[in-house]
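Visitor: below is the sequence, then the predicted model.
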Amino acid sequence: MLLISIVLYLLVTVLIGYWASSRVKTSGDFMLAGRSLPLFLSSSALFATWFGSETVFGASSEFLKGGLYSVIEDPFGAALCLILFGLFFARKLYTMNLLTLGDFFKVRYGARVELVAGVFIVPSYIGYIAAQLVAMGLILNAVTGMVMWQGIVVSAVVVTFYTYIGGMWAISITDFVQSIIIIGGLLVLAIILAGKAGGVATVLSEAQPGTFRFLPKASGIEIITWLAAWSVLGLGSIPSQDVFQRVMSSNSVRTAVRSCFIAAGLYLTIAMLPLFISMCVRHLYPEFTIGDTQLALPTMVLAHAAMPVQVLFFGSLLSAIMSTTSSAILAPAAIFSENLVRPLAKHRFTDKHFLFITRMAVLGFAAVATLMACLRTNIYELVGESSVLSLVSLLAPMVLGLYWKRASSVGAMLAMVTGIITWIVGQQMNLPWPALVPALLVSMVSMIAGSLIWKDKSAITNDKS
C-alpha cells in the first residue's frame with residue numbers, strides 16, 4: 001500500500017510537470033514562469049526553497065545531537081535569508097527586469113564579471129542537489145529496501161524529467177501542491193506522536209538538558225561560530241539563483257516582496273515540526289535515535305505508525321525534497337545557458353536554441369549531482385558547503401553593487417577570487433573559527449579596496465562632472 005502510494009504520487013507529480021510544460025514557450029517562461037506567479041504560488045515556491053532533506057532529515061538529526069544551538073544554520077538562517085531578501089533585495093532586483101542573477105553582474109559590472117560570477121554560482125548547486133537526492137534515496141531504501149544508489153538514481157530521473165519539460169512553471173505548480181502535503185503530513189504526525197507521549201508539555205518538559213539553548217556562551221570564539229552559522233544560509237543564499245528565480249517569477253514587485261515575508265513565516269513555523277517530531281521519537285522510541293539519526297524519523301514511522309500516517313508522512317517527505325531538488329537543478333542550468341553560453345555565442349543562437357541548451361544543462365547538472373550523491377551521504381554537510389561558496393564569493397559584489405555607486409568591476413573580481421581562495425586555504429588550516437569568517441571579511445575588504453583604487457570608467461566620468 002505504501003509503495004503503491006509513493007509510485008502514484010511520483011506519477012501525479014510527473015503529470016503535473018507535463019501539463020505545466022504547455023505554458024513554456026520561451027526561455028523566460030522556462031526560467032521565471034513568465035514573471036506571472038500570483039502571491040499564493042510565489043509564496044509556496046519560496047517556502048519550498050529549502051524545505052527539503054536538510055530540514056526534515058539533516059536538521060532533525062543535528063537537533064537530536066545538540067539541540068536548537070546545532071540548527072541555527074537551518075531553519076533559522078534560512079528564514080533570515082528570506083526576510084533580508086524581502087527587505088533589501090527583492091524590490092531593487094525585480095525592477096531591473098533580469099532573467100538570472102548572473103544578469104545582475106553583467107548589468108552592474110560588465111560581461112567579464114558576469115562570466116566569473118557564473119563560474120562561481122554553478123558549482124555551488126551540485127552538492128545541494130546531491131543532498132536532496134541522498135534524502136530521496138534514504139526514503140526509497142527505508143520503504144522498499146532498495147539499495148541507496150538505486151534509490152538515488154530513480155529519484156533523480158523523476159525530478160529531472162518534470163524539471164526538464166516544465167521548468168519554473170512545473171516547479172511552481174508542484175510546489176503549491178507539495179506545500180499543502182508537507183504541512184498536512186507533518187502536522188498529523190506531530191499531533192499523533194504528541195498524543196502518544198502524553199501531550200506537548202510532557203515532551204518539552206522531559207527534553208534533555210541544553211536542548212533549547214539558543215544563544216552562544218560568552219566566549220568570543222563561540223560567538224563568532226554562532227554568527228557564522230547564521231551566515232551560511234542567512235547571507236550565503238542571498239546571492240543564489242534559486243532564491244532569485246523564485247522571487248523574480250512573481251507577477252509584481254509587491255508580490256515579490258510580500259511572498260518573501262510570508263514564506264519566511266511559513267518556513268520558520270513549519271520547520272519546527274520535524275524538530276518536535278524528533279523529540280517525540282526520542283521520548284517514545286529512543287532506540288531509533290541510536291546510530292544514523294538521519295534515519296530516525298522514517299524508521300520510526302515504518303515501525304509504529306498506521307498505514308494512513310505512513311502515506312501522509314512519506315508523501316510530505318517526498319513533497320519537501322522534490323520541490324527543493326527541482327529548483328536546485330534549474331538554477332545552475334539557467335546560469336549556464338544565460339550567463340556562460342550566451343556571452344560566448346555572440347548572438348549566433350535564437351531563444352529556442354537557449355531553451356534547448358538550458359534543458360540539456362538540466363540533464364547535465366542532474367547527472368553530476370547524482371554521481372556525487374552516490375559518493376557522499378551527509379545531507380547537512382552537503383547543504384552547508386554549497387551555501388558557503390556563494391557567501392564568500394558573491395555576497396560582497398552583490399550587496400555593494402546594489403547599494404554603493406562606486407563599486408567597480410575590478411573590486412567585484414577581487415572580492416570573488418580572494419574570497420574563494422581564503423576559504424580554501426582556511427579549510428586546510430586548523431582555525432579556531434569557521435573558514436567562512438575570514439573569507440567573507442577578505443572578500444568585503446577586497447571589494448572596497450579594489451573599487452576605491454580601480455574605478456570603472458563611468459564612475460571616473462561622473463566624478464569629473
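Guide: Now that the structure is in, tell me what you want to look at. Residues are numbered from 1 along each chain as shown.

Visitor: quick one: low-confidence ranges for this structure?
Guide: Flagging of the chain using pLDDT under 70 yields the residue ranges 52-54, 292, 376-386, 458-465.

Visitor: let me see the domain layout of it.
Guide: 2-389, 404-465 (automatic domain parsing).

Visitor: I'd like those domains as a markdown table, with distance to residue 396 and mean neighbour count appended.
Guide: Where C-beta positions appear, they are placed from N, C-alpha and C, glycine not excepted. Formatted as a markdown table, those follow (distance: least, Cβ to Cβ, whole Å; neighbours: other Cβ atoms under 10 Å):
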| stretch | distance to residue 396 | mean neighbour count |
| --- | --- | --- |
| domain 2-389 | 9 | 21 |
| domain 404-465 | 4 | 18 |
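
Visitor: so which of these gets nearest residue 398?
Guide: With Cβ to Cβ, the closest approach to residue 398 among these belongs to domain 2-389: 4.5 Å.

Visitor: reformat the domains of the chain as a markdown table; add distance to residue 398.
Guide: Formatted as a markdown table, the domains of the chain follow (distance: least, Cβ to Cβ, whole Å):
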| stretch | distance to residue 398 |
| --- | --- |
| domain 2-389 | 4 |
| domain 404-465 | 9 |
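
Visitor: show me what contacts residue 229?
Guide: Residues in contact with residue 229 (Cβ atoms under 8 Å, 6 or more residues apart in numbering) are 72-73, 77.

Visitor: how about residue 200?
Guide: Contacts of residue 200 by Cβ under 8 Å, 6+ apart are 194, 276.

Visitor: quick check: it vs residue 304, distance?
Guide: As judged by Cβ to Cβ, to the nearest Å, residue 200 and residue 304 stand 19 Å apart.

Visitor: now swap in residue 365 and tell me
Guide: Distance, residue 365 to residue 304, using Cβ to Cβ: 38 Å.

Visitor: and residue 189, by the same measure?
Guide: Counting by Cβ to Cβ - residue 189 and residue 304 are separated by 11 Å.

Visitor: what do you get for residue 169?
Guide: For residue 169, the distance to residue 304 - Cβ to Cβ - is 39 Å.

Visitor: now swap in residue 51 and tell me
Guide: 24 Å.

Visitor: circling back to that earlier point, between the contacts of residue 229, which is nearest residue 214?
Guide: Comparing the contacts of residue 229 against residue 214 with Cβ to Cβ places residue 72 closest, at 7.9 Å.

Visitor: so that closest one touches residue 233, yeah?
Guide: No. Using Cβ atoms under 8 Å, residue 72 makes no contact with residue 233, being 9.5 Å away.

Visitor: which non-adjacent residue is nearest residue 132?
Guide: Leaving aside its sequence neighbours, residue 132 sits nearest to residue 325 (Cβ to Cβ, 6 or more residues apart in numbering; 3.9 Å).

Visitor: doesn't residue 137 make contact with that neighbour?
Guide: No. Look at residue 325 against residue 137 with Cβ under 8 Å: they stay out of range, at 11.7 Å.

Visitor: overlap in contacts, the two.
Guide: residue 155.

Visitor: now the lengthiest helix in the chain, how far from the centre of its chain.
Guide: What stands out as the longest helix in the chain, according to DSSP state H, is helix 148-197. The chain centre lies 14 Å from the centre of helix 148-197; the measure is Cα atoms, centre = their mean, to the nearest Å.

Visitor: just give the nearest non-adjacent residue to residue 114, would you?
Guide: Computed as Cβ to Cβ, 6+ apart, the closest residue to residue 114 that is not its neighbour in sequence is residue 106, at 3.7 Å.

Visitor: starting at the chain centroid, how far to stretch 9-16?
Guide: Chain-centre distance of stretch 9-16: 22 Å, with Cα atoms, centre = their mean.

Visitor: dump it to CSV, restricted to CA.
Guide: These are the backbone C-alpha positions of stretch 9-16, laid out as CSV (Å, rounded to 0.1, in the frame of the first residue of the first chain):
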residue,chain,number,x,y,z
TYR,A,9,2.5,10.3,-6.1
LEU,A,10,5.5,10.3,-8.3
LEU,A,11,3.4,9.7,-11.3
VAL,A,12,1.0,12.5,-10.5
THR,A,13,4.0,14.9,-10.0
VAL,A,14,5.3,14.0,-13.4
LEU,A,15,1.8,14.5,-15.0
ILE,A,16,1.6,18.0,-13.3
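
Visitor: what's in contact with that stretch?
Guide: Against stretch 9-16 from outside (Cβ under 8 Å, 6+ apart): 158, 161-162, 166, 170, 173-174, 177-178, 315, 318, 322.

Visitor: may I see those arranged in CSV, with distance to residue 84 as well?
Guide: Shown next, in CSV, are the contacts of stretch 9-16 (distance: Cβ to Cβ, whole Å):
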residue, distance to residue 84
158, 33
161, 34
162, 31
166, 30
170, 28
173, 27
174, 27
177, 28
178, 25
315, 32
318, 30
322, 26
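
Visitor: of all the residues you listed, which comes closest to residue 347?
Guide: Lowest distance from residue 347 to the contacts of stretch 9-16 (Cβ to Cβ) belongs to residue 166, with 27.7 Å.

Visitor: understood, closing this out.
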